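S.K.: give me coordinates for this.
(chains A and B)
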Amino acid sequence: MGFESYYNEMHLADGGVRNHYRPLADWIDTTSPERIKHLRKAANLLFHRVGITFAVYGEDSGSERLIPFDMLPHIIPAAEWRQLEVGLRQRVRALNAFLRDIYHEREILKAERIPADRVLQNKAYREQMYGIDVPGNIYAHVAGVDLVRAGAGEYYVLEDNLRTPSGVSYMLENRKMMMRLAPELFSRQSIAPVEHYPDMLLETLQSVAPAGVDNPTVVLLTPGQYNSAYFEHAFLAQQMGIELVSGADLLVRDDTVYMRTTAGPKPVHVVYRRIDDDFLDPQVFRSDSMLGVPGLVSAYRAGRVALANAIGAGVADDKSIYPYVPDMIRFYLGEEPLLNNVPTWQLRFRDDFNYVLDHLAELVVKEVHGSGGYGMLIGPTSTEREREAYKQRILDAPEKFIAQPTLSLSTCPIFVDEGIAPRHIDLRPFVLSGKNEVVMVPGGLTRVALREGSLVVNSSQGGGTKDTWVVEE
Amino acid sequence: MLSRAAENLYWMARYVERAENTARILDTTYRMSLVPHTTESDNSEWFAPLNITGTLYPFSGRYLRVTAKDVLYFMALDPNNPGSIHGCARQARENARAVRGSITMEMWEVINSTWLEIQQMSEDRLAGEGISAFLEWVKDRSHMFRGVTVGTALKDEAFHFNRLGIFLERADNTARILDVKYHVLLPSVGDVGGAVDYYQWAAVLGSVSALQSYRKVYRDAINPLKVAELLILRRDMPRSLHACMEEVYELLQVLPSGASQEALRLAGELHSMLRFGRIDSIFAGGLHEYLTVFLSRLNELGHEVTRSFFSPAYA
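M.R.: Next up is the predicted model:
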């Protein structure tokens, strides 16, 4: 073990193995490198056969790629997970309360805890939602909260994904794969199951059906089979036993949403939509959208159909709102936040702006509205020229950027041809908010930057995934 | 179920079945070509697969002459020919991908891995490993897909649309295979009823896996009238026109009525024509003529299925 300045999930600084990784370390020691090599190959083949691929934007249209899977799991002790779970629940409750508030009384803006223009001028704010009541006051039914570990191992929330967070199918498939490849590992430790996620999701969706509907029909609305997450859409629809529909399969008559079936139109009550707000309804949002359903928003406003996540939920996960989430928790719940925010500079403030421009080489700069790891500047690994070019972009519109310290993200070993080697990871738990409760399966999706030294874990940028285990010690 | 999903399932099944039947057509032709010819070989039998699949025109646009090698490549692996086995495998997979939520994981894996494997096939490999081995493999994959479907899928509407696709496509293909004989000319009129004629009819039977059944049913030498009877009128022969149309008729009775009853009526008409038909009168009017009429009415039924179930208009 060489010198390493990052928190290593598996190893201690002196090279020893952390307790919760011991059974796995024993397994690695007693399993021949040939067998491990064979298993890694088998995993790759199986994923291809099952067709767990994603489309890559900007390459040949229709190209499909496999998200690389690493067999070495990310392990979290159960006691640690329980604390995270409480913190996640608290955070998502506050985010939902915030969304309800800004589309109704706007108390938090009146109290000047968040500048009103930050919210009301926000690109993701949807005026059409003002004054509309949604079932259970839930806006973010599915939240993918990205957690990282830095420094000596403390957790931070990197971002709250409240629009159409994806990746949960990989969480489920990775677990299935591990149980297929190395079932013996599951008898060595008590590993919390995750397989019931689709049931929890379906219950959550059913719980927010419009009032008066006894046996709600839930559908999953996909942009179609060329979308990068299509595999996940099909997978989840199948696991929940609901119809996978595209916009053309739905129609609206007299504010009721129907799907076109072989036996005529059939009413739909809850739409788990995996289409962005902008494309949902050409009558209200982008009129050139071919993916959406004309009249859907009108039916939604009339309370005849529920959408998950709600229209306009994205304003709460915007990077310009992110710095205020700890304040939301205090404001709505009267509690101290249990999960840390990463310190964030907002370039629209003069002091922050000056500081960031002076320290570009140390910071990570992001676009306020960006996602997917695109359009970021990672100071420490950037070249002088890249920084200069990025600086020009900042000068053009400083309010569009935020900056954060380059966190020394924790590492977890992956299998490489020479054995194992540490790589940076993050963790995305999926938090489900229904009418009555906030629930989640233990763990989530662990993403890993496969390139040595890289901090970008996004699948579109060469990231991979791992199975995530919450284990009782 | 969703109209679009029903349509995808239906076409998924049709393309799988079409790939299998294209393999069967090529197999028949290949077997016929192995029968020693009395006259100079003119490759006439290799026109047959192009004629019966209606692809002679695009083929001639690309190739100067009809040769065994080129026809095999064109119909088995050519990615630019949508009717090739390669093309069918791709379209089956695209349709399956669009309804991944409605088919079982096992069904998807068969279709997906077939597609992945067929992309690895090349003209050289085809020649090296032998055309027969490849055609056997294609048939095996189709058998496996049907088996996996019956063994894993819920017997619901999705299942019925899948079956509807299979039997409409199979009826179409059996009729076309039977018509191969019409397109393959005998070396001379004097050969009718001769050894070459005999082998050709045997090849037709073999291509629909009916040689053994023929022996069992007729306990007789191979005779054109009986071959046609077996493949057209026998209800217990799984690839016969009668068996296929019986399935289609039953499926249309089980399925929701769709936008109209016209598909059911057309299917019933075709079914009774086969159920009460006699082989003597079919031959009296000409086998080729009979099959031509059958194919055009089957085509009409296909259009009606699309109209009633897949693109119904709502007021």
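
S.K.: could you use CA atoms for every contact and neighbour count after this?
M.R.: OK.

S.K.: remind me which helix or strand A:Y258 belongs to.
M.R.: According to DSSP states H and E, A:Y258 maps onto strand A:256-261.

S.K.: and that strand, what's its mean pLDDT?
M.R.: Strand A:256-261 shows a mean pLDDT of 94.

S.K.: adjacent strands (with direction) for the next helix or strand along the chain from it?
M.R.: Later in the chain than strand A:256-261, the nearest helix or strand by DSSP H and E is strand A:264-267. Taking DSSP bridges as the criterion, strand A:264-267 forms sheet pairs with strand A:256-261 (antiparallel).

S.K.: report the buried residues of stretch B:73-92.
M.R.: B:73-79, B:81-92 (16 or more other CA atoms under 10 Å in any protein chain shown).

S.K.: in the stretch 301-450 of chain A, where is pLDDT below threshold?
M.R.: Residues of the stretch 301-450 of chain A meeting the criterion pLDDT under 70: A:370-373.

S.K.: what ranges do the strands span in it?
M.R.: In the stretch 301-450 of chain A, the segments counted as strands under DSSP state E, counting those that start in this stretch are A:306-308, A:340-341, A:345-346, A:363-367, A:377-378, A:401-405, A:411-416, A:419-428, A:430-433, A:438-439, A:445-449.

S.K.: who wins for proximity to chain B among those?
M.R.: Checking the strands of the stretch 301-450 of chain A against chain B by CA to the nearest CA gives strand A:306-308 as the closest, at 19.2 Å.

S.K.: so for the closest one, what gets flagged as buried?
M.R.: Across strand A:306-308, burial judged by 16+ other CA under 10 Å covers A:A306, A:L307, A:A308.

S.K.: contacts with chain B among the residues you listed, please.
M.R.: Cross-checking these against chain B (CA under 8 Å from any CA of the partner chain) gives no overlapping residues.

S.K.: write out the residues of chain A neighbouring chain B.
M.R.: Within reach of chain B by CA under 8 Å from any CA, chain A has these residues: A:49-51, A:224-225, A:234-239, A:243-245, A:249, A:259-264.

S.K.: and the buried residues of strand A:306-308, which is closest to B:R141?
M.R.: If you rank these by distance to B:R141 using CA to CA, A:A308 comes first, at 40.3 Å.

S.K.: what sits against that closest one?
M.R.: Residues near A:A308 by CA atoms under 8 Å, 6 or more residues apart in numbering or on different chains: A:Y139, A:A140, A:H141, A:V142, A:L205, A:V270, A:V271, A:Y272, A:R273.

S.K.: same thing with B:H160?
M.R.: Shown in contact with B:H160 (CA under 8 Å, 6+ apart): B:L251, B:L255.

S.K.: out of the residues of chain A next to chain B, which sit inside strands?
M.R.: Using DSSP state E, the members of these that fall in strands are A:E243, A:L244, A:V245, A:M259, A:R260, A:T261, A:G264.

S.K.: and A:S289, which helix or strand is it part of?
M.R.: Counting by DSSP H and E, there is no helix or strand that carries A:S289.

S.K.: quick check: A:P193 is in a helix.
M.R.: No. Assessed with DSSP: H, G, I helix; E, B strand; the rest coil, A:P193 is coil; it does not lie in a helix.

S.K.: confidence score at it?
M.R.: pLDDT, A:P193: 95.

S.K.: mind listing what it touches?
M.R.: By CA under 8 Å, 6+ apart, the residues touching A:P193 are A:V441, A:P442.

S.K.: how many residues are close by the residue in the stretch 251-400 of chain A that chain B sits nearest to?
M.R.: In the stretch 251-400 of chain A, the residue that lies nearest chain B is A:T261 (4.0 Å; CA to the nearest CA). Residues lying near A:T261 (other CA atoms under 10 Å in any protein chain shown) number 22.

S.K.: and the spatially closest residue to it that is not a sequence neighbour, what does it touch?
M.R.: Among residues not flanking A:T261 along the chain, B:L2 sits closest, at 4.0 Å (CA to CA, 6 or more residues apart in numbering or on different chains). Residues in contact with B:L2 (CA under 8 Å, 6+ apart) are A:E243, A:V245, A:D249, A:M259, A:R260, A:T261, A:T262.

S.K.: distance of the fourth one relative to A:E232?
M.R.: Taking CA to CA, to the nearest Å as the criterion, A:M259 is separated from A:E232 by 21 Å.

S.K.: the residue most distant from the middle of chain A, which is it?
M.R.: Going by CA atoms, centre = their mean, the residue of chain A most distant from its centre is A:A263, 37.3 Å out.

S.K.: biggest helix in chain B by residues?
M.R.: Criterion DSSP state H: the longest helix present in chain B is helix B:3-34.

S.K.: please state the offset of the very next helix or strand once past that helix from the chain centre?
M.R.: Per DSSP H and E, the first helix or strand lying C-terminal to helix B:3-34 is helix B:47-52. The gap between where helix B:47-52 is centred and where its chain is centred comes out at 13 Å by CA atoms, centre = their mean, to the nearest Å.

S.K.: same deal with stretch A:236-250?
M.R.: Taking the mean of its C-alpha atoms, stretch A:236-250 sits 21 Å from the chain's own mean (CA atoms, centre = their mean).
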